[in-house]
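1. sequence below, structure please.
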Amino acid sequence: MIRRILRVLVLLLVALLAYLSVTFVQVWRASGRDEAGRASAIVVLGAAQYNGQPSPVLRARLDHAADLYHRGYADTVVVTGGRQPGDRFTEATASALYLGRKGVPDSAVLREVQGRSSWQSLAAAARFLKARGIIRVLLVSDGFHATRIKAMADELGLSASVSPTRTSPIVGVAKVPYLVRETAAVAVGRVIGFRRVAELNERLHV
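-> Take a look at the predicted model:
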C-alpha cells in the first residue's frame, strides 16, 4: 500500500514538473513574439511612476504604444494603473501625460485609474471598452508578461493580441525571475481561472 502511494506521488510530481516545464517554454517563447496588428484599441499595462514621471519600465511600454499609435495600429490608447499609497499621481495619469509629450492627443487616450494589479486594470478596461463596442485590443507590456495578460484578456471577453516592448530595461539574466513568476501565475491561472487567482491575491494582501 505504501509503495503504491509513493508511486502515485512520484507520478503526480513528474506530471507537475512536466506541466510547469511546458508552461515555462510557452511563456518564454511568447516573450519574444510580436503579434502587432490592427486593433480598435491599444491597452498599456501599468508599472511604477514617480511623482508623475513614468519609471524606465513604464516608459519603455509607453514609447512602444506611442509608436504603434503613430503607425496606425489603433485610434485609441488605454492607459492603466491606479495610485499607490502616498502617490500624487496614478500610473494612468502619468502615462497619459507622457503620451501627450510623445504626440498622442489626449482625445485618443482613455484612462483606467483604479487598478492595482494587472487583472484589476484589464477587468476595468474591458468593462468600459465593451460598453463602447470595443473588443479587439492590442496589449502592450514587457514580453515576459505576454502569456498571462493575453489569457486574462481572453477570460474577460476581449479578442487580444500582444505586442511587447523591445526597449525594456529588464533584459538578460534579470528577466529570469520574472519568467519564473509568470510561469507559476499562468500555470495556476489556467487551472483555477485568473479571476480566482486575483481574488486570492487580494485576500492575501489585505
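2. can you tell me the closest non-neighbouring residue to residue 64?
-> residue 165 (4.0 Å; CB to CB, 6 or more residues apart in numbering). In this view, the C-beta of every residue, glycine as well, is placed from N, C-alpha and C.
3. for that neighbour, what are its contacts?
-> If you count contacts by CB atoms under 8 Å, 6 or more residues apart in numbering, residue 165 has them with 60, 61, 63, 64, 140, 141, 142, 143.
4. just those: which are in helices?
-> 60, 61, 63, 64 (DSSP state H).
5. re the thing from before, the contacts of residue 165: which two are farthest apart?
-> Maximum pairwise distance in the contacts of residue 165, criterion CB to CB, is 14.6 Å, between 63 and 143.
6. quick one: secondary structure of the residue nearest to residue 64?
-> Under DSSP: H, G, I helix; E, B strand; the rest coil, the three-state class of residue 165 is coil.
7. for it, give its distance to residue 178.
-> Using CB to CB, to the nearest Å, residue 165 is found at 13 Å from residue 178.
8. got it, and residue 58?
-> For residue 58 relative to residue 178 (CB to CB), the value is 15 Å.
9. equivalent analysis for residue 142, please.
-> 7 Å.
10. of these two, which one has the most company?
-> residue 142 (24 against 17; other CB atoms under 10 Å).
11. got a list of what the more buried one touches?
-> Contacts of residue 142 (CB under 8 Å, 6+ apart): 31, 57, 60, 61, 164, 165, 168, 170, 178.
12. cool, and residue 35?
-> Going by CB under 8 Å, 6+ apart, residue 35 touches 138, 161, 162, 163.
13. tell me the one among those nearest to residue 45.
-> Taking the contacts of residue 35 together and measuring to residue 45 by CB to CB, the closest member is residue 162, at 9.9 Å.
14. quick one, what contacts residue 98?
-> So residue 98 contacts 53, 54, 59, 62 (CB under 8 Å, 6+ apart).
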